[in-house]
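1. I need the structure of the sequence given here:
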Amino acid sequence: MRVQALPAALAATALLAVAGCGGHSSAGDTADGGATPTKAAQQAASGDFGDLKKVCGPGTAKSAPAQGVTADSIDIGVLSDVGFTKNSEFADTAKVFTSWCNAAGGINGRKLVATTRDSRLMEVRQRMLEACKQDFALVGGGSALDALGVQDRLKCLLPDFPAQVSQIQNVGSDLQLNETGGAAYARYIGYYDWLLKQAYPESAGAVGTIAGDAPVTKVLNGETVETLKAAGAKVTYQDLYPAAGVSDWTPYAQSIKSKGVKGLVFNGDFASLSKLEQILTGMDYKLDWIDANNNAYGPAFLQLAGKSLGYQNNFADLSGVYPLEKAADNPATGQLVALFKKYAPSAQMTLPGVRGFAAWLLFAKAASSCGDDLTRTCVYQAAAKESAWTGGGLLAPVDLSTPGAPLTCFNVEKATSKGWVPADFEPDTGAYRCNETAYKFKGNYGKPLTLADVGKSMSDVK
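-> Here you go, the predicted structure:
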């Protein structure tokens, strides 16, 4: 899925894409991690993950210093639209992390208890108000319409360690440690620079965009067009497709062909993209490249796209998440695969799920450093010191110490008939290409909410 703006929840409305499939969950489900440790957990009996040491472990916590924290446990909320999407990736990830962490001793001996807060697309505020009454923090989740809950979250001073963020009002809002970069900067500038200046320079004069007709995607599409132009593209085609879906993609394909589009950015669901590509391929019209967006990163798009995979060039920017299909080459990703196999063997690992696990690690490392005096102020300030956070090796380095800092690394995947594979984008830092020049948006797309917007400040956080 798109790093911050294409949540899985809107896929069912034919606007945005499902980022992988998993089992079902429901509001109030808990992942208390009571499993007995076996090989996957025993690999890090001290609570080590990747290159992180003692993230989880035993201790002698005795006090109850904050809401949701007792001497024995820590209550965590996991926002999810699972009741709408039937996609349990965040609940699955919570189950895997808490099972592993609790088997290693918890957070200084406190057991993690994760409760899925099922926002069902439109019930974000209701679930946020519930979290405000019970939870110590929100970790490893996300809702498509997350702007509906950010004001209440700030009013109740609830820290957020999200797997994904969506709407501008929430992206990088206060008391949030967001691994996907600041809202003021273009996340895909390095990716589009590569496509337009190195991989397919002849495409720069004829680039098009298609997006779902919804407020979230309209904002994203505006950012996309500005980013493309900043990378040197001439945008010659822009279109929207309706929320109810498209029965026949032929008119869109004909427009793309008639305008001679050579590069296409598709901000929508991958099922619709696969149908469009089948028609384009049937018309014998081949684009230089298609940005399928990272919603498509997974097996489902490959199955739907079929023979088009051998004709069209589909790419996705993972924005610094190590590729799942190369897990054997990266110890942290390999360890995560082993943990999923142990604690959630029927679950489908997804890109948002990996980010969610990294968010859990960030929370756990920060919380462990607080010792017995586990307060919201301590956990937030500890996490905010991370200037090169990698989630133990799951991600390219992210600066969390500078609010709103841009992402500086990217990595590109290509869809093929044999699966997703790293594209030839000339990585210079392991699996990633880093130190790209940041681009700050000039357009007005809104701004994230602050504590000051709700009459609060950091001095109110306990």
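2. would you map the strands across the stretch 351-462 of the chain?
-> 412-416, 419-422 (DSSP state E, counting those that start in this stretch).
3. now do the chain
-> Here the chain has its strands, by DSSP state E, at 30-31, 73-80, 111-118, 137-139, 160-161, 207-212, 235-241, 263-267, 289-291, 314-317, 412-416, 419-422.
4. what pLDDT does the model give the spatially closest residue to L309 that is not a sequence neighbour?
-> Take L309 and drop its neighbours on the chain: the residue closest to it by C-beta to C-beta, 6 or more residues apart in numbering is S417, 4.8 Å away. C-betas here are computed from N, CA, C, even on glycine. We have a pLDDT of 94 for S417.
5. K326 contacts P427, correct?
-> No: counting by C-beta atoms under 8 Å, K326 stays clear of P427, with 11.7 Å between them.
6. can you give the contact residues for stretch 422-431?
-> 194, 198-199, 315, 322-323, 326, 330, 396, 409-414, 433-435 (C-beta atoms under 8 Å, 6 or more residues apart in numbering).
7. now these: which count as buried?
-> Buried members of these, scored by 16 or more other C-beta atoms under 10 Å, are 194, 199, 315, 322-323, 330, 396, 409-414, 433-434.
8. in these, find the pair that's most separated.
-> A199 and N330 (24.3 Å; C-beta to C-beta).
9. rewinding a little: mind putting the strands of the stretch 351-462 of the chain into TSV with distance to R110?
-> Conversion of the strands of the stretch 351-462 of the chain to TSV gives the following (distance: least, C-beta to C-beta, whole Å):
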stretch	distance to R110
strand 412-416	38
strand 419-422	39
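10. any idea what I290 is bridged to?
-> Bridge pairing for I290 (DSSP bridges) gives the partners L264, N314.
11. does it touch L309 like I think?
-> No: contact criterion C-beta under 8 Å: I290 and L309 do not qualify, at 10.8 Å.
12. which residues of the stretch 101-250 of the chain fall in helices?
-> Taking DSSP state H, counting those that start in this stretch as the criterion, the stretch 101-250 of the chain carries its helices at 124-134, 147-155, 189-193, 215-230, 250-258.
13. residues of the fourth one that come out buried?
-> By 16+ other C-beta under 10 Å, the buried positions in helix 215-230 come out as 216-217, 219-228, 230.
14. and these, which is closest to L374?
-> The closest of the buried residues of helix 215-230, once distances to L374 are taken by C-beta to C-beta, is V216, at 34.9 Å.
15. distance of that closest one relative to E223?
-> From V216 across to E223, the span is 11 Å (C-beta to C-beta, to the nearest Å).
16. returning to what we had before: of the strands of the chain, which is nearest A131?
-> Comparing the strands of the chain by C-beta to C-beta, strand 73-80 comes nearest, at 3.9 Å.
17. may I see the buried residues of the closest one?
-> Applying 16+ other C-beta under 10 Å to strand 73-80 flags 73-80 as buried.
18. that one - contacts with which helices or strands?
-> helix 89-103, strand 111-118, helix 124-134, strand 137-139 (3 or more C-beta pairs under 8 Å, 6 or more residues apart in numbering; DSSP states H and E).
19. quick one, the second one and helix 89-103 angle?
-> Read it as strand 111-118. 170 degrees (axes from the mean of the first three to the mean of the last three C-alpha atoms, to 10 degrees).
20. which residues in the stretch 301-450 of the chain form helices?
-> Going by DSSP H, counting those that start in this stretch, the stretch 301-450 of the chain shows helices at 331-343, 351-369, 376-383.
21. redo those as TSV? Include mean neighbour count, mean pLDDT and distance to C156.
-> Formatted as TSV, the helices of the stretch 301-450 of the chain follow (neighbours: other C-beta atoms under 10 Å; pLDDT from 0 to 100; distance: least, C-beta to C-beta, whole Å):
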stretch	mean neighbour count	mean pLDDT	distance to C156
helix 331-343	20	98	31
helix 351-369	27	98	18
helix 376-383	20	98	10
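22. which one of those lies nearest to D174?
-> Among the helices of the stretch 301-450 of the chain, helix 376-383 comes nearest to D174, with 9.6 Å by C-beta to C-beta.
23. run the chain-centre distance for the closest one.
-> 22 Å (C-alpha atoms, centre = their mean, to the nearest Å).
24. can I get that helix in CSV? Just the C-alpha atoms.
-> The C-alpha trace of helix 376-383 is given here as CSV (Å, rounded to 0.1, in the frame of the first residue of the first chain):
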residue,chain,number,x,y,z
ARG,A,376,3.5,8.6,28.1
THR,A,377,6.1,11.4,28.3
CYS,A,378,8.9,8.9,28.8
VAL,A,379,8.0,6.5,26.0
TYR,A,380,7.3,9.3,23.5
GLN,A,381,10.5,11.2,24.3
ALA,A,382,12.6,8.1,24.2
ALA,A,383,11.3,7.1,20.8
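25. same for that helix, what does it pack against?
-> helix 351-369.
26. now with 10 Å, please.
-> Other elements packing on helix 376-383 under the criterion 3 or more C-beta pairs under 10 Å, 6 or more residues apart in numbering; DSSP states H and E are strand 137-139, strand 160-161, helix 351-369.
27. that helix to strand 73-80, inter-axis angle?
-> 70 degrees.
28. now G47. Nearest residue, chain neighbours left out?
-> For G47, the spatially nearest residue (C-beta to C-beta, 6+ apart) is C56, at 3.4 Å.
29. what residues does that neighbour make contact with?
-> 33, 41, 44, 46-49, 97-98, 100-110, 112, 360-361, 364-365, 367-368 (C-beta atoms under 10 Å, 6 or more residues apart in numbering).
30. which of those are buried?
-> Buried among the contacts of C56 (16+ other C-beta under 10 Å): 33, 41, 44, 47-49, 97-98, 100-110, 112, 360-361, 364-365, 367-368.
31. buried sites along stretch 425-432?
-> In stretch 425-432, counting by 16+ other C-beta under 10 Å, buried: 425, 427, 431-432.
32. from those residues, which is closest to S119?
-> Using C-beta to C-beta, the buried residues of stretch 425-432 come closest to S119 at Y432, 32.3 Å.
33. from L318, how far out is the closest one?
-> With C-beta to C-beta as the criterion, Y432 and L318 are 9 Å apart.
34. need the residues touching each of the two.
-> 395-396, 410-412.
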